[in-house]
Every structure is written in structure tokens, then in C-alpha cells.
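>>> next comes the sequence, and after it the predicted model I'd like to discuss.
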Amino acid sequence: MPSQDTLSTLDTTRTDGRRIRAVRPLLTPAILQEWLPAPEAAQDLVEASRHAISRVLHGQDDRLVVVVGPCSIHDHAQAMDYAQRLAVQAQRHAGELLTVMRVYFEKPRTTVGWKGYINDPGMDGSYAINEGLQKARRLLLDVSALGLPVGCEFLDLLSPQFVTDLVSWGAIGARTTESQSHRQLASGLSCPVGFKNGTDGGVKVAADAILAAQAPHAFLGLTKMGQAAIFDTRGNPDCHIILRGGKAPNYSKADVDAACELLKKAGLREQVMIDLSHANSSKQHARQIVVAEDVAAQVAAGDARIMGVMIESHLEEGRQDIVPGQPLKHGVSVTDACISFDQTVPVLDGLAQAVKARRALKG
């Protein structure tokens, strides 16, 4: 064993941290939750909406889960404007649609780019992550106060500890569905989780992810108090596939048949959520409306395997780049292009009518 003198003079910088520019302090989840606690009404909403989504997944509720909202959040006031409008539509269609607002704070990048509201809330490369975590939690509290459940994508493995008590539904993206770490994370999350098919369109990786997330796991993580720890999970029975397309769209009846056949062979529930955007719309945001019509027709024809849809929708149509020194257009996405809220309303109307038609067929 080395002597104490040797230990005290050991220069670990020769082999450790060579490419770390700086290390900054991170507030703990417990401190953030003390500063911004979840009121009783928010806890009731999260608990009830998670249970409702679980009932849909287990065939006990025939409503359609609709996860709709901006591709990414970049402004609190604009997000709340959207949430207030969506809350009205959610109430209108409460009997047919279980509406969840898409509130995405983290964005996966193919190479580099703005990584989202938590990572860089100022959109200026300052990476004020502590500020981003506070802004994210405050927005979730404000949206919840409207009675509107929220859905988030889980990209970073530590950030869920700061916000998941306020999240009703979670997604694992196409780039991370195959990640063992994200499957383990999903196995311990308290909310239902959707796994997207792979970027190439492969559905098997998502089915494998569901099987993995249903099982117990042990992995390293961060406690609410900021302590590194080993987490032992029970497994998550409320997981499902999201069809988002790949090399070609995969929202047609034939695609749903193929996905459900694969799920059946894996011993999983035959059910899918369909993402109207991404490769299913060939990355043409307005085509989400066309895809929605096709999916609504399948639902209206009686297909109970389609349990939900995802829609990328913002206050205004399209997208814009973040350009230093140039003001952003109000209500326009800074990541993927979205349909406008005015375009979204008839899409929701059509989906609600499809659910009514499906019910009528059942008698």
C-alpha cells in the first residue's frame, strides 16, 4: 500500500479530467423542490392523469391519449399562452381525448446545436443549467395549475429527479430507445413511458426496450439530496411503442398490423401511439394534418390498437433559427417546424369524432 506521503502528492491530473474545462456546482433536486414545491392540486392531477393513461394502456379506458404541444419550450410566457388555449380544447374533448401537453425541455442533436431550455435557457451559450432547472419546474407548476397534464422527453439521466414528480407521461426518443441506461431509467419512473421506434424505422428495438423497462434493474444515480446511490427498481408495466417513421412513414394500417404482430410475438400488448410528425410527415410539418386524417380514419373504422397520437404544434406555424442579436418571431418553434394552434384545433376535433365513431361500432 502506498505511503501517506505518496498519496498526498499524487498528481491525478496526468490521467484524469484532461478535457474538462470547468466544474460548476449543481443545486440538488431536494433544494429545488423546497423552493418550488408541488401543491396538493398538482399532485392530485399528476396522480389522476397517470392512472388514466395507465387505464388506456390496459384497455380499461377507450379514450385516445393525445400528446400535443411545441417541439421544444423556449419561452415561459408563450408556453403558457399555448397551455391556456390547449386547456380549453382538452376540456371540450375530455370524453374522447386524454390530452397531455408536450413540454419538452431537452433536445437531442444529431451533431451540435441548442440543447434545450434546461441546458441553455438564455439560448446564448451561457449554459445556466441551475437557472434552466428552476425555469423548467416553474413552468410545469404553472401548466399543472391549469389542470393540464404534461409530457416530457427524458434525455439526460439526472434531470428527471428535478421534475418528474410533475410529469404525467414520458417519452424515450428514437436516438435513446436502444440505450440500456434509458431503459433502466424508464423501469424506475413513476409515469407511463412511450418508446419511439429507431431512427431507421425499426420497431423491434422499441419492443425490446419495453421488455427491458418492465423488468427490475439496479443502476447508479443521484438521490433527491444530491447523493450518488444505487437504485433498485421494480419495473414499469405502463410502457408502449411510439411509431414515428424511419426510412419511410409507418402510420398506415399495414404498419400498425406489422408493429402489433411483432408486439404479440414478444408477449406484449398490441397497441401503438402514432407520432404524426418526424419521419411520418416526411419532416414536412403541414403533412401532420394529412397523417392525422389517415390515423383518425383507422380509429373510426374500429381499430382499438391505436391508443394515442403525438402532434408538434405551436402558437404559429413553421420554425426559425436562433441567430445571435436577432429577435425571435413570437410563437414560432426554434427546433422542428410545428403546425399552428389554429391548425391544431380541427385535428383535435377530427380525432375526437373518430373516437366517437369507434365507440358506436362497439355498440
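Structure's in. What do you need? Numbers count the residues shown, from 1 in each chain.
>>> by mean pLDDT, which helix or strand of this structure comes out lowest?
helix 4-8 (a mean of 53; mean pLDDT, DSSP states H and E).
>>> could you give the mean pLDDT of the following helix or strand past that helix?
Following helix 4-8 in sequence order, the next helix or strand is helix 29-35 (DSSP states H and E). Here helix 29-35 scores 98 as its mean pLDDT.
>>> cool, stretch 153-162 as well?
What stretch 153-162 shows for mean pLDDT is 96.
>>> where do the helices of this protein begin and end?
Here the chain has its helices, by DSSP state H, at 4-8, 29-35, 40-57, 76-92, 129-144, 160-163, 180-188, 204-214, 253-265, 287-300, 341-362.
>>> quick check: angle from the fourth one to helix 341-362?
Put plainly, it is helix 76-92. Relative orientation of helix 76-92 with respect to helix 341-362: 30 degrees, computed using axes from the mean of the first three to the mean of the last three Cα atoms, to 10 degrees.
>>> next, the buried residues of helix 76-92.
Gln78, Ala79, Tyr82, Ala83, Leu86, Ala87, Gln89, Ala90 (16 or more other Cβ atoms under 10 Å). All C-beta atoms are positioned from the backbone trio N, CA, C, and that covers glycine.
>>> repeat for the fifth one
Of the residues in helix 129-144, those scored as buried under the neighbour-count criterion (16+ other Cβ under 10 Å) are 129-137, 139-144.
>>> same check, this time on the third one
Of the residues in helix 40-57, those buried by neighbour count under the rule 16+ other Cβ under 10 Å are Ala42, Leu45, Val46, Ser49, Arg50, Ala52, Ile53, Ser54, Val56, Leu57.
>>> now swap in stretch 159-176 and tell me
Buried, per 16+ other Cβ under 10 Å, within stretch 159-176: 159-174, 176.
>>> quick one: it to chain centroid distance?
6 Å (Cα atoms, centre = their mean, to the nearest Å).
>>> which among the buried residues of helix 129-144 gets closest to Ile230?
When the buried residues of helix 129-144 are compared for distance to Ile230 (Cβ to Cβ), Leu133 wins out at 23.6 Å.
>>> just to check, that closest one is in contact with Thr28?
No: taking contacts as Cβ atoms under 8 Å, Leu133 lies outside contact range of Thr28: 10.2 Å.
>>> shared neighbours of the two, anything?
In terms of Cβ atoms under 8 Å, 6 or more residues apart in numbering, Leu133 and Thr28 are not both contacted by any residue.
>>> out of everything not next to it in sequence, what's closest to Gly221?
Phe231 (4.6 Å; Cβ to Cβ, 6 or more residues apart in numbering).
>>> burial count for that neighbour?
By other Cβ atoms under 10 Å, 15 other residues sit near Phe231.
>>> again with Val334
Counted with other Cβ under 10 Å, Val334 comes out at 22.
>>> quick one: contacts for it?
Per Cβ under 8 Å, 6+ apart, neighbours of Val334: Ser72, His74, Trp114, Met123, Arg319, Gln320, Asp321, Ile322, Leu328.
>>> thinking again about what came up before, now render the helices of the chain as CSV, adding distance to Met273.
Output for the helices of the chain, formatted as CSV (distance: least, Cβ to Cβ, whole Å):
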stretch, distance to Met273
helix 4-8, 55
helix 29-35, 29
helix 40-57, 10
helix 76-92, 17
helix 129-144, 21
helix 160-163, 20
helix 180-188, 15
helix 204-214, 11
helix 253-265, 11
helix 287-300, 10
helix 341-362, 12
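>>> can you pick out the most distant pair from the buried residues of helix 76-92?
Gln78 and Ala90 (18.3 Å).
>>> can you check the distance spanned by stretch 57-68, start to finish?
18 Å (Cα to Cα, to the nearest Å).
>>> I'd like the mean pLDDT over it, please.
98.
>>> list the buried residues for it?
Those would be Leu57, Asp61, Arg63, Leu64, Val65, Val66, Val67, Val68, for stretch 57-68 by 16+ other Cβ under 10 Å.
>>> relative to His240, which of the residues you listed is nearest.
Comparing those against His240 with Cβ to Cβ places Leu57 closest, at 5.9 Å.
>>> on that earlier part again, put the buried members of the contacts of Val334 into a ChimeraX selection.
The ChimeraX selection below is limited to those of these classed as buried (16+ other Cβ under 10 Å):
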select :72,74,114,319
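>>> about what we covered before: closest to Val295 among the buried residues of helix 129-144?
Nearest to Val295 among the buried residues of helix 129-144, with distances taken as Cβ to Cβ, is Val143, at 25.5 Å.
>>> how about the closest one: what's its closest non-neighbour residue?
In space, Val143 is closest to Ala83, 4.7 Å off (Cβ to Cβ, 6+ apart).
>>> which residues touch the one you found?
Counting by Cβ under 8 Å, 6+ apart, Ala83 has contacts Met101, Asp142, Val143, Leu146, Leu148.
>>> select, from these, the two members most distant in space.
For the contacts of Ala83, and using Cβ to Cβ, no pair is farther apart than Met101 and Asp142, which are 11.2 Å apart.
>>> alpha carbons only: can I get stretch 210-221 in CSV?
Extracted as CSV, the C-alpha positions of stretch 210-221 are listed here (Å, rounded to 0.1, in the frame of the first residue of the first chain):
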residue,chain,number,x,y,z
ILE,A,210,-40.5,-2.2,-23.3
LEU,A,211,-39.4,-5.7,-22.2
ALA,A,212,-36.3,-4.3,-20.5
ALA,A,213,-38.2,-1.5,-18.8
GLN,A,214,-40.8,-3.9,-17.4
ALA,A,215,-38.0,-5.7,-15.6
PRO,A,216,-36.3,-4.7,-12.3
HIS,A,217,-32.9,-3.1,-12.6
ALA,A,218,-30.1,-1.8,-10.4
PHE,A,219,-28.0,1.2,-11.6
LEU,A,220,-26.1,4.2,-10.4
GLY,A,221,-28.0,7.5,-9.9
